[in-house]
Structures are given as C-alpha cells and as structure tokens.
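*Asks:* What follows is a predicted structure for the sequence shown.
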Amino acid sequence: MTHKKFETEQEQFWAGEFGTEYITRNKGSALLASNLNFFTHALRSAGEFSSCIEFGANVGMNLKALKLLRPELRLQGIEINETAAAQLADFLGEENVFCQSIFEWQSQEQVELSLIKGVLIHINPDKLKDVYQALYQTSSRYVLVCEYYNPAPVTINYRGHSDRLFKRDFAGEMMEIYPDLELIDYGFSYRRDPVFPQDDITWFLMEKRG
C-alpha cells in the first residue's frame, strides 16, 4: 500500500485499501465480454486510430477489450493504485503504465484516443477541470467519456462512503469548455442487460474538429 500523500481525499481512497479491494470485484471473463460489446458500440462511429491512453485504467479490463477489437492499437494507462498498476504493467509493459494521480499527468506526446470510464464520477468536483484539460490535451482526435450521467451535479453515497461518487453531465461540460469538441455518438449500457451488462454507463464519443 502506498504511503504517498495526495491532494484530495478521493485520490487517497483509491490509492489505498479500497482501491486494492476493487480489483477483485472488477475483473474476469464475463466483464471482458461485456467490455467487448461495450466498445464495439461506443467506437462504432470512430474512424481508424492507432493509439489510446486510459485515465484510471485499473488492471486493464477496458484496454484488454480494445486490444482484442483493434490488435494494432498502441495502448497506455494511468493508474493511481500501485497493486492495480503492477497488474496493468503485466499486460501493457512497464514502459506504458504510469502509476500516478491523474492530476500529476503531463502528456509527453498525444495519442488519438483519450479514454476515461467510471473514473470522473470519483473525482473531487473541484478538480474536474484539471482532468478535462488532461483528457483534451492528451488526445489529437477522439475523447471517449463513459460515466454515470445526470443533467445536474449530484452526490451519491458509494458503498457506505460519502463524497466518493458524483454524477453530472461530464461530457457536456467538456464541450462547453472546449468548443472544438464535437459529439459524434453517444449511448447507454444498462446493468440489467441480459447478455452484456454494464454499470448503467452513459458514453459520449467526441472528436476534435478544430
């Protein structure tokens, strides 16, 4: 477990024991199959792209699905939890894994797809614009945001913890800040889907048109 001090209590939460326990609840062949179906739909309107970075990649269940769909993709991941990052490195190679807070991320080069899935909902709302900027600046073309949606910001109790889960219109806020981001597709994946359930995720695929 890391002893590093972070700027927000939400970062400390995910870097610590709760984040490590999350790993065992969120992997396996059923989740991989659901993710394959999810990204087939979420990227159906995207053209060709060759590189992707995921913000908050955990052990790589999303990136593994993308690799199966697009084997030539060059993949990278940012992950705050050391245990998850170590497992992610087994898949991507250590050179493609950045074990750090998203807030510390400094892009060295752009990729063609910035991906974030189920992570913005756990970010301290006061720091959201920093993550929006990182997602935007890191991508040369596409940004895929997959989160819980609500038209107005709300805070939800998360597994008995307060101030750990926030819903809002994340993609809408990004498009207001960065007007050259154009929405090219969106959709919803339902937790009661009889074949490929997801966690009630609404996804938004945006493209830079500047």
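*Replies:* Okay, I see it. Being a predicted model, the structure only gives us computed values, none of them experimental.
*Asks:* So residue 82 sits against residue 100, correct?
*Replies:* No: between residue 82 and residue 100 there is no contact under Cβ atoms under 8 Å: 10.2 Å. For the C-beta atoms, the positions are set from N, CA and C on the backbone; glycine is no exception.
*Asks:* Excluding sequence neighbours, find me the nearest residue to residue 178.
*Replies:* The spatially closest residue to residue 178, leaving aside those adjacent along the chain, is residue 136, at 5.2 Å (Cβ to Cβ, 6 or more residues apart in numbering).
*Asks:* so how far is residue 55 from the one you found?
*Replies:* Using Cβ to Cβ, to the nearest Å, residue 136 is found at 11 Å from residue 55.
*Asks:* How about residue 206?
*Replies:* Remark: distance between residue 206 and residue 55 (Cβ to Cβ) = 14 Å.
*Asks:* got it, and residue 118?
*Replies:* To residue 55, residue 118 is 11 Å away according to Cβ to Cβ.
*Asks:* Residue 112 too?
*Replies:* With Cβ to Cβ as the criterion, residue 112 and residue 55 are 15 Å apart.
*Asks:* neighbour count winner among these two?
*Replies:* Set residue 112 next to residue 55 and count neighbours by other Cβ atoms under 10 Å: residue 55 wins out with 22 against 19.
*Asks:* Count residues in the vicinity of residue 24, would you?
*Replies:* Using other Cβ under 10 Å, residue 24 has 9 neighbouring residues.
*Asks:* Helix or strand for it, just tell me which one.
*Replies:* helix 17-25 (DSSP states H and E).
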